[in-house]
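Asks: Sequence first, then the predicted structure, then my questions.
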Amino acid sequence: MQTEEPKQFRLNRQVFIIAVVALLALAPPMAFVILSLRTTFGPKPAPPSAAAAETSAPLQKALEDIADKSLAPPSLDEASGSVVNLETNDPERELARVEALAKNFDAVALPAAREGGQIRLRVSLAENQSANFVQACLEKKSPPPVADNTDPARVLVEVVIKKNIAP
């Protein structure tokens with residue numbers, strides 16, 4: 001009897017296609033493993049050097065100055081009429097009067113700050129009521145607020161109460 005010899009392996013087109021498909025299927029998992037090992041055991045980034053910190057300090061200062069100028073709230077100055085100075089013999093009594101006056105104008109008063117023998121009170125009220133409020137504070141009377149159904153813009157008025165110093 002004659003036996004057939006086993007066929008030898010031959011590289012043909014089908015073998016080549018199977019090898020390419022297997023490599024393409026294994027490429028993403030192998031890339032993930034390689035990148036994971038590289039980030040875990042690879043070189044660590046160096047901390048910033050002193051020279052880099054020195055060169056970034058002026059830039060940081062410039063950015064902070066720009067932020068201070070552009071983001072700072074407008075200051076309360078006497079020229080704009082948003083600061084009312086009151087002098088009285090009894091600052092606590094005057095403070096109570098101004099707080100009651102603020103309630104009449106539907107204003108919100110922040111807690112009073114006592115500093116250097118004076119009392120500072122900041123009052124947030126409707127912009128169209130600010131002139132009447134300032135006048136009422138100065139004249140020590142309570143005019144009725146103007147009724148307005150719209151929701152106007154709000155302004156901040158600072159009331160500074162100082163104690164009278166008799167000569």
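Replies: All right, it came through fine.

Asks: in a helix, that's where Q14 is, yeah?
Replies: Yes: Q14 forms part of a helix when assessed by DSSP: H, G, I helix; E, B strand; the rest coil.

Asks: Identify the residues contacting it.
Replies: By CB atoms under 8 Å, 6 or more residues apart in numbering, no residues touch Q14. From N, CA and C alone the C-beta is placed, and that goes for glycine too.

Asks: gap between it and V21?
Replies: Q14 sits 11 Å away from V21, going by CB to CB, to the nearest Å.

Asks: how about the strands in the protein?
Replies: 83-88, 108-109, 113-115, 118-126, 154-163 (DSSP state E).

Asks: Pull the distance from the longest one to the chain's centre.
Replies: Put plainly, it is strand 154-163. Offset of strand 154-163 from its chain centre (CA atoms, centre = their mean, to the nearest Å): 26 Å.

Asks: Quick check: mean pLDDT of that strand?
Replies: Mean pLDDT, strand 154-163: 87.

Asks: what packs against that strand?
Replies: If you count contacts as 3 or more CB pairs under 8 Å, 6 or more residues apart in numbering; DSSP states H and E, strand 154-163 packs onto strand 83-88, helix 91-104, strand 118-126, helix 130-139.

Asks: run the last query once more with 10 Å
Replies: strand 83-88, helix 91-104, strand 108-109, strand 113-115, strand 118-126, helix 130-139 (3 or more CB pairs under 10 Å, 6 or more residues apart in numbering; DSSP states H and E).

Asks: Pull the contacting residues for the residue most central in space within the chain.
Replies: The C-alpha lying nearest the average C-alpha coordinate of the chain belongs to L71 (CA atoms, centre = their mean; 9.2 Å). With contact set as CB atoms under 10 Å, 6 or more residues apart in numbering, L71 has no partners.

Asks: ok, so what distance separates it from E64?
Replies: 10 Å.

Asks: just V123 next, same as before
Replies: Going from V123 to E64 by CB to CB gives 31 Å.

Asks: which one of these two has more residues nearby?
Replies: Taking other CB atoms under 10 Å, V123 and E64 do not tie; V123 has more neighbours (24 against 10).
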